[in-house]
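Colleague: Can you look at this prediction? I've put the sequence above it.
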Amino acid sequence: MAAAGERPLSEVKFLTVAEVASVMRVSKMTVYRLVHSGHLPAIRVGRSFRVPENAVHEYLRESYVGVETA
């Protein structure tokens with residue numbers, strides 16, 4: 001059962017490391033570093049990782065550096 005505000009696992013779209021790298025416009029090694037450091041949540045499937053699509057969007061949203069005006 002999903003917690004409040006979370007989608008059921010059957011509705012979560014998981015991305016491969018290559019797909020995440022493409023979305024973020026970074027190398028696959030950068031994605032692996034983010035996963036291993038815990039900055040980007042992922043699940044392990046065999047020898048590969050899958051990252052929830054919403055986690056990628058949340059990471060990018062939190063990492064956004066905006067220009068502040070006075």
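Modeller: Sure, I can see it. Residues are numbered from 1 along each chain as shown.
Colleague: Could you pull out the buried residues of stretch 8-24?
Modeller: Within stretch 8-24, the residues that count as buried by 16 or more other Cβ atoms under 10 Å are 14-15, 17, 19-21, 24. In this view, the C-beta of every residue, glycine as well, is placed from N, C-alpha and C.
Colleague: Of these, which belong to helices?
Modeller: 17, 19-21, 24 (DSSP state H).
Colleague: can you tell me which residues contact the residue nearest to the spatial centre of the chain?
Modeller: By Cα atoms, centre = their mean, the chain has its centre lying nearest to V56, at 2.9 Å. With contact taken as Cβ atoms under 8 Å, 6 or more residues apart in numbering, V56 is in contact with 15, 20, 23-24, 40.
Colleague: Let me know the helix or strand that it is in.
Modeller: Assigned by DSSP states H and E, V56 belongs to helix 53-63.
Colleague: same question, P41
Modeller: Per DSSP H and E, P41 falls between elements, in no helix or strand.
Colleague: now the one 3 residues further on
Modeller: Applying DSSP H and E as the criterion places R44 in strand 43-45.
Colleague: can you list the residues that contact that strand?
Modeller: With Cβ under 8 Å, 6+ apart, strand 43-45 has contacts from 14, 49-50.
Colleague: Who is S48 paired with across the strands?
Modeller: Note on S48: beta-bridge partners V45, judged by DSSP bridges.
Colleague: wait, it sits on L15?
Modeller: No. If you go by Cβ atoms under 8 Å, S48 and L15 don't touch, sitting 11.3 Å apart.
Colleague: how near is the nearest residue to V12 once chain neighbours are set aside to V65?
Modeller: Distances taken as Cβ to Cβ, 6 or more residues apart in numbering put P52 closest to V12, at 5.3 Å, once the chain neighbours are dropped. Distance, P52 to V65, using Cβ to Cβ, to the nearest Å: 23 Å.
Colleague: what about these two, which has more around it?
Modeller: Set P52 next to V65 and count neighbours by other Cβ atoms under 10 Å: P52 wins out with 19 against 5.
Colleague: Let me see the contact set for that one.
Modeller: By Cβ under 8 Å, 6+ apart, the contact list for P52 reads 12-15, 41-42.
Colleague: Of those, which is the nearest to L34?
Modeller: Using Cβ to Cβ, A42 comes nearest to L34 of the contacts of P52, at 8.7 Å.
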